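A.B. asks: Structure of the sequence below:
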Amino acid sequence: MQTQECVRLGSYRDQERNDELIGVLTAISIVSKRLARRLTALEHSRTHTKEGGRAYDTGQSRPVGQ
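C.D. replies: This next block holds a predicted model:
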């Protein structure tokens with residue numbers, strides 16, 4: 001009788017660990033994806049600046065004739 005209870009309890013603990021692990025891995029995945037997007041945007045802005053463009057747009061319009 002005790003061994004059956006231990007098996008059930010062990011199974012429940014394993015499920016809790018699996019759920020926690022799934023949560024941690026999902027969080028790592030989300031953070032990695034955000035970081036990759038930011039790095040890609042940074043690289044793009046640096047490339048754009050080297051080509052003569054502006055890295056940061058101030059939202060102001062250009063003077064007429066330019």
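
A.B. asks: Can you get me a residue count around residue 48?
C.D. replies: By other CB atoms under 10 Å, 12 other residues sit near residue 48. C-beta coordinates here come from the backbone N, C-alpha and C atoms, glycine included.

A.B. asks: Figure out the helix or strand that it lives in.
C.D. replies: helix 2-50 (DSSP states H and E).

A.B. asks: State the mean pLDDT of that helix.
C.D. replies: Per-residue pLDDT over helix 2-50 has a mean of 88.

A.B. asks: and the gap between residue 12 and residue 35?
C.D. replies: Separation of residue 12 from residue 35 (CB to CB, to the nearest Å): 35 Å.

A.B. asks: repeat for residue 29
C.D. replies: Remark: distance between residue 29 and residue 35 (CB to CB) = 11 Å.

A.B. asks: ok now do residue 40, which residues does it touch?
C.D. replies: Not one residue lies near residue 40 by CB atoms under 8 Å, 6 or more residues apart in numbering.

A.B. asks: how close does it get to residue 16?
C.D. replies: 37 Å.

A.B. asks: cool, residue 22 as well?
C.D. replies: 11 Å.

A.B. asks: for residue 26, same thing?
C.D. replies: 16 Å.
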